[in-house]
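*Asks:* Starting from these lines, generate the structure:
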Amino acid sequence: MRRLPRTTATAAAALLLAGTVAGCAEETELTQADQSGVPTEELVGETMTLTGEVQAVLAHQVIAIGAEDTLVMAEQLPEGIMVGDEVEATGTVEERDVFTVDDLESLQAATDQETAQLYVDRGEEPILVDATVTAAD
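*Replies:* Modelled structure (predicted):
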């Protein structure tokens with residue numbers, strides 16, 4: 001697949017376009033932008049707002065939202081947040097490996113062993129950090 005060069009303005013436009021799609025167990029805007037061919041390095045450092053259904057509450061201040069389980073590292077989560085809740089998260093895009101083998105035990109306490117292992121094995125990916133998370137209207 002041939003990648004066309006994009007400017008930051010084009011990347012921002014793609015993110016805005018992607019931001020018009022939200023809903024129950026759909027891909028988040030970050031996943032859509034990542035899969036659209038926009039190079040990850042153009043997303044890193046951008047502020048983005050994602051809306052999606054909570055798929056997992058994984059660790060202290062870390063949730064997964066949307067069909068592709070986009071990881072959100074929150075400054076603070078809404079009290080009582082649960083799987084299935086619709087949330088809006090605004091934060092900064094980073095690319096990193098969130099969970100390592102050292103996190104496996106704590107992930108197993110929040111999920112099952114297979115799911116915990118999947119998160120450990122994911123590697124580097126675009127995520128949202130320093131996010132403010134609120135219940136979606």
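
*Asks:* residue boundaries of the helices in the chain?
*Replies:* Using DSSP state H, the helices found in the chain span residues 8-18, 29-35, 40-43, 104-110, 113-121.

*Asks:* Quick check, central residue of the protein?
*Replies:* Thr70 (2.7 Å; Cα atoms, centre = their mean).

*Asks:* Name whatever forms a beta bridge with that one.
*Replies:* With DSSP bridges as the criterion, the beta-bridge partners of Thr70 are Ile65.

*Asks:* what's the neighbour count on the residue nearest to Gly91 when sequence neighbours are not counted?
*Replies:* With sequence-adjacent residues excluded and distances taken as Cβ to Cβ, 6 or more residues apart in numbering, Gly91 is closest to Ala131, at 3.1 Å. For glycine as for every other residue, the C-beta is placed from the backbone atoms N, C-alpha and C. The local packing of Ala131 (other Cβ atoms under 10 Å) involves 27 other residues.

*Asks:* Tell me the bridge partners for Ala131.
*Replies:* Ala74.

*Asks:* hey, least reliable of the helices of the chain by pLDDT?
*Replies:* When the helices of the chain are compared on average pLDDT, helix 8-18 comes out lowest at a mean of 36.

*Asks:* Select the longest strand from this protein.
*Replies:* In terms of residue count, the longest strand belonging to the chain (DSSP state E) is strand 47-59.

*Asks:* quick check: mean pLDDT across that one?
*Replies:* Rounded mean pLDDT across strand 47-59 is 91.

*Asks:* what's the angle from that strand to helix 113-121?
*Replies:* Interaxial angle, strand 47-59 versus helix 113-121 (axes from the mean of the first three to the mean of the last three Cα atoms, to 10 degrees): 140 degrees.

*Asks:* How far off centre is strand 47-59?
*Replies:* Put simply, strand 47-59 sits 6 Å off its chain's centre (Cα atoms, centre = their mean, to the nearest Å).

*Asks:* buried sites along that strand?
*Replies:* The neighbour-count check on strand 47-59 (16 or more other Cβ atoms under 10 Å) flags Met48, Thr49, Leu50, Thr51, Gly52, Glu53, Val54, Gln55, Ala56, Val57, Leu58, Ala59 as buried.
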